[in-house]
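> Could you work out the structure for the sequence below:
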Amino acid sequence: MLKNKNIICISSIDWDFVWQGHQEIMANFAKSGNRVLFIENTGVRTPNFRDIKRLKKRINNWFRSIKGFRQEAENLYVYSPMILPFPYSRFMRWINRALLIKPLKRWIKTMGFRSPIIWTFLPTGTALDIIDNIDKELLVYYCIADFYELVNNPRKISRTENDLIRKSDIIFVQGEVLAKKCRRFNDNVHIFPFGVNMEVFDDFQRVPEKVPGDIKEIKRPIIGYIGGIHRHIDFNLLRFIALSHPEWSIVFIGPCQTDTPKINNLGNVFLLGQKDFTLLPSYISEFDVGIIPYETNEYTTTVFPTKLNEYHAMGKPVVSTALPEIIRFNLENNDLVLVGNTYQEFVDCISTALTNSKEGMVKQRMGLAERNNWAGRIEEMSDLLEYTIERKASKPVEWQDVFLRLYRTARRKALTISAIFICAYLLLFYTPLVWIVAAPLNISEAPQKADCIVVLAGGVGESGKAGQGYEERVEYAVKLYKEDLARHVIFSSGYVYAFKEALVMKALAVSLGIPAEAVILEDKAINTYQNMKFTKEIIENKNWKHVLLVSTPYHMRRISLVARKIAPELKVVYTPIPRSLFYSHSSKDAKGRRVWRRANLQQIKAICHEYLGILYYWFKGYI
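Predicted structure coming up:
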């Protein structure tokens, strides 16, 4: 048996789901002295409304753990990753790599979880992302289902599964159909149907438990089913059984994973819900017949029902639909399972099972279950793993393989960085994203009559060049003045280039028609806070209460926050210049042609400057 190994299991179910081979195998490895990390299901399809409960449970698992990691038992850890549930979107898969791989690598480093055996039940792109980004001793794929039939686009998952099959060092499968599929790309394929934990059933045989209360009062005979109640069950068959024999009780033990309208209104059908795995023997012991009522379709052609072993562990007769793996089982075991090819044949088989329970057949069933015990099955798997590890270690590593592996890693990183850069470039420069982000900065109100017009100049302005920050503001202030909205204009700027900017603004305003005596200069301020502080002193000396404030559109939010802090009693109407050449970003040019580029670097820098300015002012206590 494997010992002292690190094992990462990429599971197709969650740890708290119905106990199956996934949990059984990994729990056994952990008990044998190996350290196991069980990664819960990352999905093979886009979730729908019925998955809300499962998603909610995943969120709860995340919050009750440490960044998604928790310890379930000695040597056994569970990772509940929080990723975006779109397994076939390349963009989402790229995001999920960051959400999944980085925390996983941190945990591996913290725990010293070096060179693990990676054992995957999933053949998805997300599983491959984990596999490709972790140095491993061995890669194991346990193919337990035909995933092509579980997804809307089989082509996508076939590509990733074929890649996984080629990469795997060893492959286990449930049955012959899956083995043939895997052998197309890999010779090291072994058939291992799911087994049964005989310890649980042996414990029950030694010390029978009390009959559970929810099945105790149900009348006999009981036709029983254990496992998930899913979409591959033939509900029309179940309805036919229930209506044909109302004296029979049909009991289901397991979680409901699909809608069941065809059996909900039947008085002799009982859905008792999911039970702890250790309680299954006490329920199966009350069955008179165990059933496997699956539809025969492309998916179920590859299914080996685990419940067959569990029914047999209690010696119960089993009736099944004509599943290929059941037919194969019967060929090897003298038709031990009764098979119904039609609804009526299925019912007749149940009748036969109820009246033909021989002691020798009971022992035969229990003996078969014993041979399919998980303990022995996992021991055989472990021996194959050890042999594969030894064979792999003895194979000389060619320098070409090392070089190609390093090259692929470097190429993958380069492609990832390039993709990030291209996406960021397109988002910033060729979408309205910048202007959506900038929108909260823009405050614009309709001009109205006031005591004065306050114009804040910009020094080097948004363009970063002296002399280009004030012209549009002065021009707009002149327009407001000429509309008789105020009789005075205050120009605020302490910036000096060749001349004081406030003097240049006044000269421009006078040349455009404002009387010199109507202009007041504030020429000490070197930032927005001082603009408002020194302007406020002028306004208070004049006993003015109401002002129109002019600046560029995306400067208005910072001005308003400062004004609210230092002059809350002053009524300020924020009237930015209506059209800024610097911030121009029309989707069409002057000739009506579409403009693809929506922002430039200077505009982005100016928007960032405003947000950083607000943050800095908050830190300084200016707002």
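
> burial of residue 189, as a residue count?
21 (other Cβ atoms under 10 Å). Bear in mind the C-beta positions are built from the backbone N, C-alpha and C, glycine included.

> Wait, it touches residue 179, no?
Yes - using Cβ atoms under 8 Å, residue 189 is in contact with residue 179, at 5.3 Å.

> shared neighbours, the two?
Shared contacts of residue 189 and residue 179 (Cβ atoms under 8 Å, 6 or more residues apart in numbering): residue 173.

> who's in contact with residue 71?
Contact analysis of residue 71 by Cβ under 8 Å, 6+ apart lists 77, 78.

> confidence score at the residue with the largest distance to the centre of the chain?
Farthest-out residue of the chain from its mean C-alpha position, per Cα atoms, centre = their mean: residue 517, at 66.7 Å. Predicted confidence (pLDDT) at residue 517: the value is 94.

> and if you look at the one 5 residues further on?
What the model reports for residue 522 is a pLDDT of 93.

> how many neighbours does it have?
By the criterion of other Cβ under 10 Å, residue 522 has 23 neighbours.

> The residue lying closest to it once chain neighbours are set aside: neighbour count?
Nearest non-adjacent residue to residue 522, counting by Cβ to Cβ, 6 or more residues apart in numbering: residue 492, 4.1 Å away. By other Cβ under 10 Å, the residues close to residue 492 number 27.

> Now for residue 492: which residues touch it?
Contact analysis of residue 492 by Cβ under 8 Å, 6+ apart lists 454, 455, 456, 457, 502, 522, 525, 531, 534, 535.

> quick one: contacts for the last one?
Just to be clear, that refers to residue 535. Contacts for residue 535 (Cβ under 8 Å, 6+ apart) come out as 454, 490, 492, 522, 525.

> for residue 245, same thing?
347, 350.

> what's the spacing between it and residue 226?
The gap separating residue 245 from residue 226 is 20 Å, by Cβ to Cβ, to the nearest Å.

> Now name the helix or strand holding residue 503.
Residue 503 belongs to helix 501-511 when assigned by DSSP states H and E.

> which residues sit against that helix?
For helix 501-511, using Cβ under 8 Å, 6+ apart, the contacting residues are 455, 457, 459, 467, 470-471, 473-474, 477-478, 489, 491-495, 516, 519, 521-523.

> 6 Å instead, please
Outside helix 501-511, the residues that touch it by Cβ atoms under 6 Å, 6 or more residues apart in numbering are 457, 470, 474, 478, 491, 493, 495, 516, 519, 521, 523.

> Could you identify the most distant pair in the residues you listed?
By the measure Cβ to Cβ, 495 and 516 form the most distant pair in these, at 21.1 Å.

> of these two, who's got more company?
Using other Cβ under 10 Å, the more surrounded residue of residue 495 and residue 516 is residue 495, with 20 against 9.

> Show the pLDDT at that one.
pLDDT recorded at residue 495 is 86.

> Over to residue 400?
pLDDT for residue 400: 65.

> Can you give me every residue that contacts residue 225?
252, 291.

> in the sheet, who's paired with it?
Beta-bridge partners for residue 225, by DSSP bridges, are residue 252.

> For it, give me the pLDDT.
pLDDT for residue 225: 97.

> What distance do you get for it to residue 254?
In terms of Cβ to Cβ, residue 225 sits 7 Å off from residue 254.

> again with residue 242
Using Cβ to Cβ, residue 242 is found at 17 Å from residue 254.

> got the residue ranges for the strands in the stretch 451-600 of the chain?
Using DSSP state E, counting those that start in this stretch, the strands of the stretch 451-600 of the chain run over 452-456, 489-492, 519-522, 546-550, 571-574.

> Let me have those in TSV, adding distance to residue 620 as columns.
Below are the strands of the stretch 451-600 of the chain laid out as TSV (distance: least, Cβ to Cβ, whole Å):
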stretch	distance to residue 620
strand 452-456	18
strand 489-492	19
strand 519-522	21
strand 546-550	21
strand 571-574	21
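
> closest to residue 132 out of those?
Distance to residue 132, taken as Cβ to Cβ, is lowest for strand 571-574 among the strands of the stretch 451-600 of the chain, at 54.2 Å.

> Mind listing residues that contact the helix or strand following the closest one?
Where DSSP H and E defines the elements, the next helix or strand beyond strand 571-574 is helix 601-620. The contact list for helix 601-620, computed with Cβ under 6 Å, 6+ apart, reads 434, 438, 441, 462, 554, 558, 623.

> ok, the last one - contacts?
So that's residue 623. Going by Cβ under 6 Å, 6+ apart, the list of residues near residue 623 reads 561, 562, 565, 617.

> And it, what's its pLDDT?
Residue 623 carries a pLDDT value of 90.

> Next one: the residue lying closest to it once chain neighbours are set aside from residue 621, what distance?
The spatial neighbour of residue 623 that comes closest, neighbours along the chain excluded (Cβ to Cβ, 6+ apart), is residue 561 at 3.9 Å. Going from residue 561 to residue 621 by Cβ to Cβ gives 12 Å.

> quick one: which of these two has more around it?
Set residue 561 next to residue 621 and count neighbours by other Cβ under 10 Å: residue 561 wins out with 18 against 8.

> so after the helix or strand containing residue 56, what's the next helix or strand?
Residue 56 belongs to helix 52-63 when assigned by DSSP H and E. Using DSSP H and E, the next helix or strand after helix 52-63 towards the C-terminus is strand 69-73.

> Buried residues in that next one, which are they?
By 16 or more other Cβ atoms under 10 Å, the buried positions in strand 69-73 come out as 69, 72.

> Then stretch 239-248?
Neighbour counts using 16+ other Cβ under 10 Å place 239, 240, 241, 242, 245, 248 of stretch 239-248 among the buried residues.

> So which of those belong to helices?
Taking DSSP state H as the definition of helices, the buried residues of stretch 239-248 contribute 239, 240, 241, 242.

> out of those residues, who's nearest residue 344?
Among these, residue 240 lies closest to residue 344 (Cβ to Cβ), at 8.2 Å.

> Assess the claim that that closest one and residue 343 are in contact.
Yes - between residue 240 and residue 343 there is a contact under Cβ atoms under 6 Å: 4.5 Å.

> Now name the helix or strand holding the residue nearest to residue 236 when sequence neighbours are not counted.
In this structure, residue 236 finds its nearest non-sequential neighbour in residue 262, 6.5 Å apart by Cβ to Cβ, 6+ apart. Per DSSP H and E, residue 262 falls inside helix 261-264.

> Quick one: mean pLDDT for the helix or strand following that helix?
Using DSSP H and E, the helix or strand that directly follows helix 261-264 along the chain is strand 269-271. What strand 269-271 shows for mean pLDDT is 96.

> List of residues touching strand 269-271?
Residues from elsewhere that reach strand 269-271 (Cβ under 6 Å, 6+ apart): 218, 242, 250, 251, 252, 263.
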